[in-house]
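Build me a structure from this.
(4 chains)
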4 protein chains.
Amino acid sequence: MEIQLWREILDPYRQAVDELTVKFDHMIQEHHNAGIYCPIVQVSGRVKKISSILEKCQRKNVPMEELEEKIEDIAGIRIICQFVEDIERVVEIIRKRSDMIIKKEKDYISNSKESGYRSYHVIVYYTVQTINGPKNLEVEIQIRTLAMNFWAIIEHSLQYKYKENMPDEVRGRLLRAAKAVDALDMEMSSVRDEIMDAQNSNRRKAGI
Amino acid sequence: MEIQLWREILDPYRQAVDELTVKFDHMIQEHHNAGIYCPIVQVSGRVKKISSILEKCQRKNVPMEELEEKIEDIAGIRIICQFVEDIERVVEIIRKRSDMIIKKEKDYISNSKESGYRSYHVIVYYTVQTINGPKNLEVEIQIRTLAMNFWAIIEHSLQYKYKENMPDEVRGRLLRAAKAVDALDMEMSSVRDEIMDAQNSNRRKAGI
Amino acid sequence: MEIQLWREILDPYRQAVDELTVKFDHMIQEHHNAGIYCPIVQVSGRVKKISSILEKCQRKNVPMEELEEKIEDIAGIRIICQFVEDIERVVEIIRKRSDMIIKKEKDYISNSKESGYRSYHVIVYYTVQTINGPKNLEVEIQIRTLAMNFWAIIEHSLQYKYKENMPDEVRGRLLRAAKAVDALDMEMSSVRDEIMDAQNSNRRKAGI
Amino acid sequence: MEIQLWREILDPYRQAVDELTVKFDHMIQEHHNAGIYCPIVQVSGRVKKISSILEKCQRKNVPMEELEEKIEDIAGIRIICQFVEDIERVVEIIRKRSDMIIKKEKDYISNSKESGYRSYHVIVYYTVQTINGPKNLEVEIQIRTLAMNFWAIIEHSLQYKYKENMPDEVRGRLLRAAKAVDALDMEMSSVRDEIMDAQNSNRRKAGI
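Numbering: from 1, shown residues only, chains lettered A, B, ... in the order given. Alright, predicted model coming up:
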């Protein structure tokens, strides 16, 4: 498939990512302005690279014509929370919005993957307006704590390096790191009530 | 009204401006990617300053409680076109979108204001999602050529300086400048077909 | 030359463009904050596309090894002024800065090109820090009014379309448009003093 | 001191923060483009809020006239690293640059604060060009891992809430969390060589 065609396919996904990033960023701002603790610390988004899409199609045996139905994470939004407890709150906020419809939820927090991966995934339908009319497409929203994100970025690099053949020893170290992530998140959770309370009152004092 | 309250009122308008700016910017990108001449060259947006809102309320005798119904340009989007003919095309694109509903159109192109002001205004209803649920609000979209915009910026500064009392001599100079704007736009229109054709083919050649 | 090599060559130019854009944008902000009329309305920058660099090398018979010495506009900054008189002021500001050294000035305002093109070009040396140490490179700064810019963008598209063979008739229309640009800039200049005065005092009043 | 004066004081610091953010962001990009492992994952910057400056002046008994000499963190840059070992590498990169001169280094990594705080601080002199000529000012660069940053943000909120009077119990929980941070950073360090190697080769493969 040539570059021009890829551009036309991926363009609406890029649009969805940009619109959703703006929307979630505003959600943070809105909490701040209203002086309410915000469960989100950071939002980022990306459109999957062409090379990664091709590789996933091959690995999952997806023909090019079914690309858009079968690959759910062409557009991806990543939402970072301070505390594990905030993840559920973000999911609830998404469930209530009328501009995105949930297709599927995957809870890798309660059931972490074998590798140690933890995150909450929500696949939503989202509509963008294109020059050819409205287009409804799928976006994967990943919700995780800062510590989980730290681990996930590193695991992704290693997955990418070793493909199916990660040495047991490396796999073992990753699992130990995953446990250290859990331990950190648990210690952090113990100050969550203090923090929520602190951040609420800070906002009110801050001003300038 | 204190600053915290203003923030809460203006926040959704800021959100609307940011979302719409992203959307119109993408429209430009989309035309480029598809190798089609784009009627829009530039998009910008702003939320009206509190001091300007207050002044407008006073001038139009609008009580604070009716602020949001009566002041239609709290949120403003400005779309700049290369050619006069492109303005109508942009209006048509807006009319077809399902994410904004037109409330009103004001054609100051066919009927320029006494001052010499020319632009096409479209007031749309647009819905943003807030922490308190969806909020439907009004946004003013101003569509004009580069030359009209140039004039309008300068006229705005002078209006602001003189309020109701602009000296006749200054007013006269502004009108002469407005005529020079029209003359420029007419000369430019005479190369529009060449340009549309050129830009379409450029895109296809360009690539990298 | 392969894409990886191009990236390494162009990367410092991209860096220069980003740094200079931030610097000139701040210059605008600084004038506003100090309540002083700013001669700059808008700043943008770009790194020349690879295809355009290749084409220029071919046209000017520049071997690839001399690319960086011979092509002065790999990095380009465009500064837009409200009035013709502001252009000289911007040049003076550049002359006084110690972070960029002027290599050459080309005054296409006093001596417009045959095509009708008008702009003031300043080629500066600018140093960026790279992972391999400091690198001194050339940047072309184009300074022009809004109206001149309007014309230049359109002329560029037509140049690109026709290459050396622009039909006389099109050339004639462009020249007439260039005259309309001059006429507009002259009319505008007649309100410049009013505007400078207005914008200075507006700033002081504005505040919020 | 009125708002206009504050603006004029803080404006050059805002400029320094913006310029340095662009510069460090480019450093990341440059490593990627060259296919070299980058010790920096993320850069952010801020100018201290007026209320925080005032509070610090009061706490440290700094008269307003000595504000700029005595408060070293009016402009702050935060650099986030993946691994503890990367921090030293970033410091070395800063030491080699000729556009910022190191005034002072504070190593809270080897000697963490009593509270559990860990970070490497570098105070640099950096020159910006203003409308009144060049101005040399101080910027605090904080370098830390993702996990340290996580902890520091939370500790800052609690400090802000309790001022001098943080309850022992909360202080204890923070210290336990700081230990969990160290444990995580140590586990992560055990895969650093793998990661550096993986990220270097990924870059080369990636391309599109």
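
can I get the CA coordinates of the longest strand seen in chain A in PDB?
Counting residues, the longest strand found in chain A (DSSP state E) is strand A:133-145. These are the backbone C-alpha positions of strand A:133-145, laid out as PDB (Å, rounded to 0.1, in the frame of the first residue of the first chain):
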ATOM      1  CA  GLY A 133     -18.700  13.200   6.000                       C
ATOM      2  CA  PRO A 134     -18.700  11.700   9.500                       C
ATOM      3  CA  LYS A 135     -16.500   8.700  10.200                       C
ATOM      4  CA  ASN A 136     -17.000   6.500  13.300                       C
ATOM      5  CA  LEU A 137     -13.800   4.800  14.400                       C
ATOM      6  CA  GLU A 138     -12.300   2.900  17.400                       C
ATOM      7  CA  VAL A 139      -9.800   4.300  19.900                       C
ATOM      8  CA  GLU A 140      -8.000   2.500  22.600                       C
ATOM      9  CA  ILE A 141      -7.800   4.300  25.900                       C
ATOM     10  CA  GLN A 142      -5.100   3.000  28.300                       C
ATOM     11  CA  ILE A 143      -5.400   4.000  31.900                       C
ATOM     12  CA  ARG A 144      -2.600   3.400  34.400                       C
ATOM     13  CA  THR A 145      -0.600   4.800  37.300                       C
END
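
Let me know the pLDDT of A:Arg203.
The score at A:Arg203 is 54. That number is its pLDDT.

by how many degrees do the one helix or strand A:Glu30 maps to and helix B:3-34 diverge?
Secondary-structure assignment from DSSP states H and E places A:Glu30 in helix A:3-34. Between the direction of helix A:3-34 and that of helix B:3-34, the angle (axes from the mean of the first three to the mean of the last three Cα atoms, to 10 degrees) works out to 180 degrees.

which strands and helices sit next to helix A:3-34?
Helix A:3-34 makes packing contacts with strand A:40-47, strand A:75-81, strand A:120-130, strand A:133-145, helix B:3-34, strand B:120-130 when contacts are defined by 3 or more Cβ pairs under 8 Å, 6 or more residues apart in numbering or on different chains; DSSP states H and E. All C-beta atoms are positioned from the backbone trio N, CA, C, and that covers glycine.

for the longest strand of chain A, packing partners?
Short answer (3+ Cβ pairs under 8 Å, 6+ apart): strand A:133-145 packs on helix A:3-34, strand A:75-81, helix A:84-96, strand A:120-130.

Mind listing the strands it pairs with, and their directions?
Strand A:133-145 has its sheet partners listed here by DSSP bridges as strand A:75-81 (parallel), strand A:120-130 (antiparallel).

tell me the contacts of A:Asn33?
When contacts are counted by Cβ atoms under 8 Å, 6 or more residues apart in numbering or on different chains, A:Asn33 touches B:4, B:7-8, B:11.

which residues does the residue nearest the centre of chain A bridge with?
Central residue check for chain A by Cα atoms, centre = their mean: the C-alpha nearest the mean position is that of A:Gln142, 2.2 Å away. With DSSP bridges as the criterion, A:Gln142 is bridged to A:Arg78, A:His121.

For chain A, which residues score under the pLDDT cut-off?
A:1, A:199, A:201-208 (pLDDT under 70).

ok so A:Leu54 is a helix residue?
Yes: under the criterion used here (DSSP: H, G, I helix; E, B strand; the rest coil), A:Leu54 sits inside a helix.

so how many other residues sit close to it?
If you count neighbours by other Cβ atoms under 10 Å in any protein chain shown, A:Leu54 ends up with 16.

Same question for A:Val47.
Considering only other Cβ under 10 Å, A:Val47 is surrounded by 20 other residues.

Tell me how far stretch A:75-92 lies from the chain's centre.
Centroid displacement of stretch A:75-92 relative to its chain, using Cα atoms, centre = their mean, to the nearest Å, is 8 Å.

Give me the distance between the two termini of it.
Using Cα to Cα, to the nearest Å, the gap from the first to the last residue of stretch A:75-92 comes to 21 Å.

wait, A:Val128 sits on A:Val17?
No: taking contact to mean Cβ atoms under 8 Å, the distance of 9.9 Å between A:Val128 and A:Val17 leaves them out of contact.

Tell me which residues touch the residue nearest to the centre of chain A, please.
The neighbourhood of A:Gln142, defined by Cβ under 8 Å, 6+ apart, consists of A:76-79, A:119-121.

try 10 Å
Contact criterion Cβ atoms under 10 Å, 6 or more residues apart in numbering or on different chains gives A:44, A:73, A:76-80, A:106, A:108, A:119-122, A:148-149, A:152 as the residues in contact with A:Gln142.

about what we covered before: ok, which of the strands paired with strand A:133-145 comes nearest A:Ala198?
strand A:75-81 (16.6 Å; Cβ to Cβ).

quick check: angle from that closest one to strand A:40-47?
Using the same axes, to 10 degrees, strand A:75-81 lies at 160 degrees relative to strand A:40-47.

Count the residues that sit near the nearest residue to A:Ser112 once chain neighbours are set aside.
Nearest residue to A:Ser112 in three dimensions, chain neighbours excluded: A:Arg118, at 4.5 Å (Cβ to Cβ, 6 or more residues apart in numbering or on different chains). Per other Cβ under 10 Å, the neighbour tally for A:Arg118 reads 25.

Thanks a lot, see you next time.
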